[in-house]
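# curious how this folds, go ahead:
(one chain, ligands or ions: 2)
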Amino acid sequence: MIYTVTLNPSIDYIVEVEDLKLDALNRMKRDLKLPGGKGINVSRILSRLGVENTAWGFLGGFTGRFIEDVLKSESIVTDFVNVQDDTRINIKLKHGGETEINGQGPQIGDKEAHALVEKLRALTEEDIVVLSGSVPPSLGGSFYDRLIAVIKERGAKFVIDTTGDALLQALPHGPLLVKPNHHELAELFGVEIEGQEDLIKYGRKLLEKGAKNVLISMAGDGALLVTEEQVYHANVPKGEVRNSVGAGDSMIAGFVGTLAKTNNPLEALRTGTASGSATAFSDDLAERAKIDSLLSQVQVNPV
Ligand SMILES: Nc1ncnc2c1ncn2[C@@H]1O[C@H](COP(=O)(O)OP(=O)(O)OP(=O)(O)O)[C@@H](O)[C@H]1O
Ligand SMILES: O=P(O)(O)OC[C@@]1(O)O[C@H](CO)[C@@H](O)[C@@H]1O
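Ligands and ions are numbered 1, 2, ... in the order given. Below is the predicted model of the structure:
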């Protein structure tokens with residue numbers, strides 16, 4: 001079974017304006033409220049791909065109830081810890097470009113934190129846990145370490161999609177997958193990255209530090225998969241970009257769901273790329289039909 005963990009879910013409030021004017025009243029051309037948070041996005045795509053999964057994390061207040069209702073309406077199994085404060089609302093402002101304003105997240109107490117850790121004690125060696133997104137400040141910077149300790153104790157595998165120190169600290173524990181985008185990879189090592197050779201060089205450093213698979217996503221330029229055996233490149237299909245929110249999460253869902261089913265990293269890269277692009281070409285996360293229709297356009301080649 002695949003479990004996703006979203007420590008800091010959100011309602012993504014997508015607001016479109018024709019021409020953004022600062023210090024003035026702007027009227028929305030269109031708006032949309034979606035359940036968000038990286039692990040939740042992974043769960044939604046897994047479920048569309050027919051991969052059984054359970055969404056774990058913290059939800060609170062009226063915003064939390066909205067998220068749970070949408071997930072249930074999509075037949076996603078949820079097992080969240082309830083918190084007192086409202087789950088955050090993240091603003092995704094489309095004004096020609098895309099500007100994001102993400103909230104800090106609710107207060108989470110020791111009791112609630114402990115309740116989530118306890119859920120992980122039911123894991124088995126068959127399970128994969130996808131840890132995705134930011135950690136609310138009230139949980140403290142090392143909360144992922146606490147979860148990883150239990151995952152390891154139970155013999156389960158994990159994927160981690162976060163940035164900075166939280167990601168670096170997770171590497172020695174051997175994540176099945178990490179997926180920095182090209183900017184995050186450069187930031188992680190405090191370097192400028194110029195071209196594919198550099199991307200592969202720093203991708204290999206993540207392998208040396210313990211990751212089993214390193215997926216470097218490059219938005220419209222596709223993705224590189226760096227493994228011990230080989231490096232592969234996947235191109236992106238053609239289409240009109242409507243929204244990049246959740247493209248990376250969709251890629252992780254496509255990759256992990258397919259790897260769990262087939263144990264074939266090339267097929268996983270192909271489905272991951274098609275899923276990421278299908279979301280980039282949709283208003284909300286991609287529907288299954290769109291992912292399937294793009295698959296034949298994705299070619300995976302050794303580098
Ligand atoms: N402009 C685009 N055209 C086609 N495919 C895209 C585009 N942007 C993203 N994708 C697809 O989604 C995948 C992940 O995108 P990206 O590299 O932007 O990840 P990310 O930065 O983690 O995304 P997010 O915006 O969700 O944080 C890409 O590898 C690609 O398959
Ligand atoms: O603040 P975080 O946890 O880093 O990112 C949260 C977020 O921006 O990521 C998702 C897209 O990847 C959105 O659904 C959500 O709003």
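# so does the helix or strand encompassing Ile40 get close to ligand 1?
Of the helices and strands defined by DSSP states H and E, Ile40 is found in helix 38-48. No. Helix 38-48 is not in contact with ligand 1 by Cβ under 6 Å from any ligand atom; minimum separation 7.8 Å. C-beta: built from backbone N, CA, C; applies to glycine.
# what about that helix and ligand 2, any contact?
Yes. Counting by Cβ under 6 Å from any ligand atom, ligand 2 has neighbours in helix 38-48: 38, 41.
# quick one: name the residues of this structure near ligand 1.
Applying Cβ under 6 Å from any ligand atom, one finds that the chain approaches ligand 1 through 181, 217-220, 222-223, 236, 241, 244-249, 251, 273, 276-277, 280.
# list the residues that contact Arg65.
By Cβ atoms under 8 Å, 6 or more residues apart in numbering, Arg65 lies in contact with Leu59.
# for the helix or strand containing it, give the mean pLDDT please.
If you go by DSSP H and E, Arg65 is part of helix 61-73. Mean per-residue pLDDT for helix 61-73: 97.
# run the chain-centre distance for the next helix or strand after it.
Next along the chain after helix 61-73, taking DSSP H and E as the criterion, comes strand 77-83. Mean-position distance between strand 77-83 and its chain equals 18 Å (Cα atoms, centre = their mean, to the nearest Å).
# where in the chain is the helix or strand with the lowest mean pLDDT?
Lowest on mean pLDDT, DSSP states H and E among the helices and strands of the chain sits helix 164-170, with a mean of 92.
# tell me which residues of it come out buried.
For helix 164-170, the neighbour count (16 or more other Cβ atoms under 10 Å) marks 166-167, 169-170 as buried.
# same thing with stretch 238-253?
Buried residues in stretch 238-253, defined by neighbour count with 16+ other Cβ under 10 Å: 243, 245-253.
# and the nearest residue to Arg88 once chain neighbours are set aside, how far is that from Ser134?
Computed as Cβ to Cβ, 6 or more residues apart in numbering, the closest residue to Arg88 that is not its neighbour in sequence is Gly103, at 3.1 Å. Distance of Gly103 to Ser134, given as Cβ to Cβ, to the nearest Å: 10 Å.
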